[in-house]
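**Q** The following comprises the amino acid sequence and a computationally predicted model.
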Amino acid sequence: MVALLTSMVFVTVALLVYGLFATVFSDEVTVRKSLKRLDAYEVEDLYVAQPVAKPFFDRVILPFYGRLSSIVRRISPKEIEEQIKIKLIRAGSPKGMDVDRFLSLKALSAITAAALILVLLLIKGLSPSIVLLGLILVPASYFLPNLWLKSVIETRQKQIRLALPDTLDLLTISVEAGLGFDLALAKVVKNHPGPLAEEFSRTLHEVQVGVSRKDALKNLAERTDVDELRNFIMSIIQADIFGVSIGNVLRVQASEMRLKRKQRAEEIAQKAPVKIVFPLILCIFPSIFVVIIGPGVIRIITSLMGRF
């Protein structure tokens, strides 16, 4: 029984690690898939004739992920899929992650934690502490991918906020030099790589396929959910509606963004002393007390023991 549960834990952890590595190295996988599209017709005929010729990941792992995600959908609220989709978009679809893979990752994380608790129960026996650990660890591991996704979103939004003032400066210079707004955005995409440039590139693609500039900019604001960028987009839309010079709007917005970045840096600097208090109390002060008071305590104990 122990061997069977150990093998189950090993298989579950292997699938979890495989899924994580597949997510991390999905850029290379995307390039390979793009190259394989050149001979897609011949490969598709081959897969129809010989299903075993499919890669192991497409033949076994992806269906397994699909079954796990369907189980999670059944036990989750109806709106969970739409919420995860929105969060993945705001996170920039990290490393090719989609809703099915994310839901299966949640299930695998919970299954791994449950299997580890079962192994501990078989080795140590029934113990209230292990049962309590399982009641805490299994639900926490199920929601662990949510924390990871939240961290990715916050990191990406922070990168967008930091890049926005310099991007607006380049936009202002390009527009004042005679370029149109769309060409200026294309120049930003070319010279400022990063999450903000990726979002601007997607906006330009939407405009090229027929979406109005107003709607494309609104979609950009919804995808990123960054207040500073949302204010900038609303200013550009209003300038376009009322016929105000975009160059003047960009110059004002760039100056305002630099001021906000400076104020945010000052706010973080003012919070630093408060954040240092607890490390000082818990880590540094005890060491100082040991160095200062320790010799005196040793002498007092020695003198008292000498008297008795």
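**A** Sure thing, it's come through.
**Q** report the longest helix in this structure, please.
**A** helix 128-176 (DSSP state H).
**Q** Give me the helices and strands touching the following helix or strand past it, please.
**A** Of the helices and strands lying after helix 128-176 in sequence (DSSP states H and E), the nearest is helix 181-191. Packing partners of helix 181-191 (3 or more CB pairs under 8 Å, 6 or more residues apart in numbering; DSSP states H and E): helix 128-176, helix 195-208. Heads up, the C-betas are built off the backbone N, CA and C, glycines and all.
**Q** Contacts for the shortest one, please.
**A** Going back to what we said before, that points to helix 195-208. Helix 195-208 is contacted from outside by 92, 156, 159-160, 163-164, 167, 182, 185-186, 188-189, 213, 215-217, 219-220, 223-224, 229, using CB atoms under 8 Å, 6 or more residues apart in numbering.
**Q** Give me the buried entries from those residues.
**A** 92, 156, 160, 163-164, 167, 185-186, 188-189, 213, 216-217, 219-220, 223-224, 229 (16 or more other CB atoms under 10 Å).
**Q** what's around Lys95, how many residues?
**A** 17 (other CB atoms under 10 Å).
**Q** Could you report the neighbour count for Leu137?
**A** 18.
**Q** For it, which residues are in contact?
**A** Counting by CB under 8 Å, 6+ apart, Leu137 has contacts Ala113, Leu116, Ile117.
**Q** Most neighbours out of the residues you listed, which is it?
**A** Ala113 (21 neighbours).
**Q** so that residue touches Ser141, yeah?
**A** Yes - in terms of CB atoms under 8 Å, Ala113 counts as a neighbour of Ser141; the distance is 3.8 Å.
**Q** any chance of the contacts of Leu137 in JSON lines, plus secondary structure and distance to Leu250?
**A** JSON lines is the format used below for these (DSSP: H, G, I helix; E, B strand; the rest coil; distance: CB to CB, whole Å):
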{"residue": "Ala113", "secondary structure": "helix", "distance to Leu250": "51"}
{"residue": "Leu116", "secondary structure": "helix", "distance to Leu250": "55"}
{"residue": "Ile117", "secondary structure": "helix", "distance to Leu250": "57"}
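**Q** Switch those residues over to CSV, and while doing so, append pLDDT and distance to Ser174 to every line.
**A** Output for the contacts of Leu137, formatted as CSV (pLDDT from 0 to 100; distance: CB to CB, whole Å):
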residue, pLDDT, distance to Ser174
Ala113, 84, 52
Leu116, 86, 56
Ile117, 83, 58
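**Q** Helices along the stretch 201-308 of the chain, start to end?
**A** 213-224, 227-242, 246-279, 285-307 (DSSP state H, counting those that start in this stretch).
**Q** Leu133: which of the ones you listed is closest?
**A** helix 246-279 (26.6 Å; CB to CB).
**Q** buried stuff in that closest one?
**A** Ile246, Gly247, Val249, Leu250, Arg251, Gln253, Ala254, Glu256, Met257, Lys260, Arg261.
**Q** How about stretch 171-189?
**A** In stretch 171-189, counting by 16+ other CB under 10 Å, buried: Leu171, Thr172, Ile173, Ser174, Val175, Phe181, Ala184, Leu185, Ala186, Lys187, Val188, Val189.
**Q** If anything else comes up later, I'll come back, but that's it for now.
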